[in-house]
Every structure is written in C-alpha cells, then in structure tokens.
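Participant: Give me a model of this one.
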Amino acid sequence: MALPRVVAVAPGSPADRAGVLPGDEIVALDGQLPRDIIEYQLWADQERLSLDVNRGGIELSVQVARNAGEPLGLEVDAALFDRVRTCDNHCEFCFIHQLPKGMRKSLYVRDDDYRLSFLYGNFTTLTRFTEADLERVVTEGLSPLFVSIHATDPGVRAQMLRNRRGATSLRWLRALLDAGTEVHGQVVVCPQVNDGDVLEATLAGVLEEYPELASVACVPLGVSRFNREAGMRPHTPGEAVATVELVEQWQQIFLQCLGRRLVYAADEYYLMAGRAFPALETYGAIAQHDNGVGMVRMFEAAFAGRELGEELGEKGPSGFFRSLEGAPALGYRAPRLPPSRPGPHGVVLLRGRPTRGTTVLTGEYGARALSPMLSPWYPEVEVMAVRNDFFGGNTAVAGLLTGPDLARELSRLPVGRRYLLPDNCLSGGRFLDGSTPGDLPRHVEVVPANGASLRRALGERPGTVTSVAAVAGREAL
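Facilitator: Predicted coordinates:
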C-alpha cells in the first residue's frame, strides 16, 4: 500500500498550524493507514488527531487540533492508497483500446472501481463488486454511483463485456437501489449489437427491474481510426433517428409509470439525427451533463444569461464529479490549465490578445451547435469546426481535440485575428497528445467551456438569446 503524500497545505489551516509540510508522507491517522481518500476524510473528521508522517526518512508524530467543521487543510497526491481495482472486462467498444500508442500512461488505465465512481463519476460495470463493497457503500453512504448497464439481457450484457460475470453483476445494482443508493446508469449503444429491439428490451428491463435509477443516459459508440474490432462502427443518421425516437417514446412511458422521464439520449444523437434538442426543462437536474446529456441546452441557457439556479450554477452542474476535502483533482476534475495570469472576464490569455476579428475553434459537433447560437448576436464571429484526424473515426467532440489538428487549421488562418479555444480539450495545460497551446502557430485564448464565459469573452450584447439551440439540431447535417 502506497503512503499518501501531502502536496499542499492550506495557509492557516489546522494542518498548517500543526506544522505539516508539503512532501510529508502520511504513515497513519491515529495509528491506522486509510485505504483511500474516503476513509482518510472519515478518520480525520475529529477535533483532535494524531498524524504520523514520514519527512525525509524521519518519522514524526504531529498533533492536530481543529474546531468543529473546520477543514483539515491537506491535499494529498492520490485518491486511492491501495491498488486501483482495474477492469477485467474486454469490451469491444472500449475507447481506451482505440487509443494510439505513445500517450500518457494514465490514459490507458481501465478502472472498474466503485470508489472512483463515487469520487469522480467513473462508470463501473460492477463485475468486480463484492458483498464487502456493498456493505461499505451502504454504511459510509457512498452515493451517487454510476453504473454501466449496456443491456439488461444477461446474455447480451455478458457478450458485450466479454465477461461471463456481466450476466449476473447487475444483481449488485438491485442491491444498491434496495439500500437507497442513488445510481445513474449508462448504455453505450452499439449499432446492430444493443440498439433497436435490444435497446427497447433494456429500457423495459429498467422499468421492470430498476425503476429507482436516478437517470439513464444512452450515448453513441465512439470509434477511432485505431479501432480493430470489425463489428464496431459509427451510427448512420437513420440509426441515430431511430434511437432518438425510441428514447423519446420510452420517456413518455416512464413519465406515465414513474412521473419522470428517467432515460435521455446524448446530444450527439440529436446532432447526428438532425433533430432539434429537447427543452432544457425536460432534462430534469441534468445529472449526466458531463456525459453529453443536455449539454447544448445548458450552454445555450448560460450563453443567453438565463438564471439557472444554485443547483446548476454558471459553470454547469457538478455532474458526477464529486469532491471530498483533501482529494486530488483527477480526471475531469483536474485543472485544465496550469497556474497562469487570468485575463479579463476569466479568459486565460496565453500568448497575447490580437484585436482584428474573432474565430471560435471547436469540434465538428460543437460547431453545429454554436454556429446558430452565435450568428444572431455575433455575426462577425467565425465558428471553425476542427476535424479530428488525430483520433479519426467519428470523434467530433471538442474535448478530444489535439494540438496537431488545431495546428493544422490555425496554420491556414491569418495572423492578427483573435482565436478562442474551449478549455475542455486541456488537462493541466496539455492536449491529449502532450502538446500545449503554446506550441500552436497562432495566438490563442483559452475560455472556460460554458456559455456565460463565451458570452463575456465575446463581449456582452443587449437582449436575450432565445430558442437558438432549437435550430442547432436542424442545421446539424
């Protein structure tokens, strides 16, 4: 078991007052070493705490005193101190298997750990879940969790996961729901595998067996040019239309039976189908925003300056990326940019601020939604769809843009324009290929990927933007 290492100490915090320093390794809390950041937080939540640390090979005992409710003030370098529970499935649709060689090692880790599901919203198939895990989830209140369903038919699910335990592991979903755990489900829809009649049977199975689910997202299969599975291919527009219609039919069934829609199709489906997006109000709490459900409508509302309520906030819902005090910012919670001098309106100016004309760079899907959104109010602003040749296939979302593709497009564009780039294609200031915005051939400004930030970056305009996303789907194709 690795020792958690302190990476930051909040000034004036109880840990700071006790003399804890960055670089200290935590050996024990009151004589015990927690398995993960969840146990760490539970055990550290007391007024007086004995903290044993290793400082440069010397073990010290530090006594920490704090007031009730006062954060300890430590941030550690890992969420799990024991081993990550890796995935033992061999799903032919797994996008990690479709990554090229030579990327960061962390990108190739396939976890199936319920703790990371709770902490960061990673989806788990429950094929490695145990009675001990269930007991811990229930006793420690680890909720919400996120479960990959894919199919409720045992044979189809086992075939998709290429794991015979896939046929029986949804029994843990039933146990979690019986215990009152909030669970959000996901179905990665693969053409001619679990779409059509199989998807309809899955939604019927959800209604019959798992009606307590908080939400279910139907998301399309992603295929890169590195895919080696002959049976995996992108959806056709006709298949996207069929999936949208099936989901909307089942929304009405769920409304009649449960009083809520429960199941939602990802925005990508509406773009592929050339359909208008549903109204923002139909998405409920938009709990799977970060899974691409309701993202365009959410962006539109924030862009229009609509008050979205404290539960959603200007930056969009927290989605399924939970945060515990002391937990490291990993995955989608990782800082998108390194520490830098912020520019006006929260825009990060990386290499200066040209003044003539503005171009918004985004993925092909993003451009289809943004163009009709911006044109009524910012007709002078150009929206450029950047084709994703790095991954290829049907990867068209802004979050998968890489330096080489952006550099290709920017090299064709004039010097002196203002180029805006959404921050969701960055992690720690780097693209997935490892390059940085500073490597690009033109000056770029990185803007937080939410509607309010883009509006402010472009300059506030009078009036209210209304119904712009309604036409985004119709103009998608």
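
Participant: Only C-alpha atoms from now on, for both contacts and neighbour counts.
Facilitator: Fine.

Participant: What is the neighbour count of Ser411?
Facilitator: The number of residues packed near Ser411 is 12, by other CA atoms under 10 Å.

Participant: what do you get for Gly259?
Facilitator: 11.

Participant: Please work out the average pLDDT along stretch 215-229.
Facilitator: Summarised as a single mean, pLDDT over stretch 215-229 is 94.

Participant: Mind listing residues that contact it?
Facilitator: Stretch 215-229 is contacted from outside by 92-93, 95, 97-100, 183-191, 232-235, 262-266, 268-269, 287-288, 291-293, 391-395, using CA atoms under 8 Å, 6 or more residues apart in numbering.

Participant: now do 7 Å
Facilitator: 92-93, 95, 98-100, 184-190, 233-234, 262-266, 269, 391-395 (CA atoms under 7 Å, 6 or more residues apart in numbering).

Participant: With stretch 107-117 instead?
Facilitator: For stretch 107-117, the surrounding residues in contact (CA under 7 Å, 6+ apart) are Val84, Arg85, Thr86, Cys87, Ile96, Asn122, Phe123, Thr124, Thr125, Leu145, Phe146.

Participant: Likewise for stretch 55-74?
Facilitator: With CA under 7 Å, 6+ apart, stretch 55-74 has contacts from 6, 8-10, 13-15, 18, 24-25, 47-54, 326.

Participant: average pLDDT across that stretch?
Facilitator: 90.

Participant: cool, stretch 116-125 as well?
Facilitator: 92.

Participant: can you dump the C-alpha coordinates of it into PDB?
Facilitator: Output in PDB follows, covering the C-alpha atoms of stretch 116-125 (Å, rounded to 0.1, in the frame of the first residue of the first chain):
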ATOM      1  CA  LEU A 116     -13.700   6.200  -8.300                       C
ATOM      2  CA  SER A 117     -17.300   6.100  -9.400                       C
ATOM      3  CA  PHE A 118     -18.200   7.900  -6.200                       C
ATOM      4  CA  LEU A 119     -15.300  10.300  -6.200                       C
ATOM      5  CA  TYR A 120     -15.100  11.200  -9.900                       C
ATOM      6  CA  GLY A 121     -18.100   9.800 -11.600                       C
ATOM      7  CA  ASN A 122     -16.300   7.000 -13.400                       C
ATOM      8  CA  PHE A 123     -18.700   4.300 -14.600                       C
ATOM      9  CA  THR A 124     -18.400   0.800 -13.100                       C
ATOM     10  CA  THR A 125     -19.800  -2.400 -14.500                       C
END
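
Participant: residues of that stretch that come out buried?
Facilitator: Buried residues in stretch 116-125, counted by 16 or more other CA atoms under 10 Å: Leu116, Ser117, Phe118, Leu119, Tyr120, Gly121, Asn122, Phe123, Thr124, Thr125.

Participant: repeat for stretch 193-201
Facilitator: Val193, Asn194, Asp195, Gly196, Val198, Leu199, Glu200, Ala201.

Participant: follow-up on the earlier one: which ones among the contacts of stretch 107-117 map onto strands?
Facilitator: The members of the contacts of stretch 107-117 that map onto strands under DSSP state E are Leu145, Phe146.

Participant: Can I get the contacts of stretch 107-117 in TSV including distance to Glu364?
Facilitator: Shown next, in TSV, are those (distance: CA to CA, whole Å):
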residue	distance to Glu364
Val84	35
Arg85	35
Thr86	33
Cys87	31
Ile96	21
Asn122	25
Phe123	26
Thr124	29
Thr125	30
Leu145	31
Phe146	28
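
Participant: about what we covered before: mind checking which of the buried residues of stretch 193-201 land in helices?
Facilitator: Counting by DSSP state H, the buried residues of stretch 193-201 place Gly196, Val198, Leu199, Glu200, Ala201 in helices.

Participant: export the residues you listed to JSON lines and tack on distance to Tyr210 and pLDDT?
Facilitator: Formatted as JSON lines, those follow (distance: CA to CA, whole Å; pLDDT from 0 to 100):
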{"residue": "Gly196", "distance to Tyr210": "20", "pLDDT": "97"}
{"residue": "Val198", "distance to Tyr210": "17", "pLDDT": "98"}
{"residue": "Leu199", "distance to Tyr210": "15", "pLDDT": "98"}
{"residue": "Glu200", "distance to Tyr210": "15", "pLDDT": "98"}
{"residue": "Ala201", "distance to Tyr210": "13", "pLDDT": "98"}
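
Participant: so which of these comes closest to Leu432?
Facilitator: Nearest to Leu432, judged by CA to CA, of these is Leu199 at 32.4 Å.

Participant: Which member of the ones in helices among the buried residues of stretch 193-201 is positioned nearest Arg455?
Facilitator: Using CA to CA, these come closest to Arg455 at Leu199, 38.6 Å.

Participant: Apart from its neighbours in sequence, what residue is nearest that closest one?
Facilitator: The spatially closest residue to Leu199, leaving aside those adjacent along the chain, is Ala151, at 7.1 Å (CA to CA, 6 or more residues apart in numbering).

Participant: Report whether the expected contact of the one you found with Gln159 is present.
Facilitator: No. Using CA atoms under 7 Å as the test, Ala151 is too far from Gln159 to be in contact (9.9 Å).

Participant: Next up, the contacts around the residue nearest to Leu170 when sequence neighbours are not counted.
Facilitator: Of all residues not flanking Leu170 in the chain, Leu126 sits nearest, at 7.0 Å (CA to CA, 6+ apart). Shown in contact with Leu126 (CA under 7 Å, 6+ apart): Ser169, Leu170, Trp172.

Participant: name the element the last one belongs to?
Facilitator: Using DSSP states H and E, Trp172 sits in helix 171-178.

Participant: residues making contact with that helix?
Facilitator: Leu126, Tyr210, Glu212.

Participant: got the contact list for the last one?
Facilitator: What it means is Glu212. Contacts of Glu212 by CA under 7 Å, 6+ apart are Leu177.

Participant: mind redoing it with 10 Å?
Facilitator: Arg174, Leu177, Asp178, Gly180, Thr181, Glu182, Val183, His184, Val206, Leu258, Leu262 (CA atoms under 10 Å, 6 or more residues apart in numbering).

Participant: ok, and the most crowded of the contacts of Leu126?
Facilitator: Leu170 (23 neighbours).
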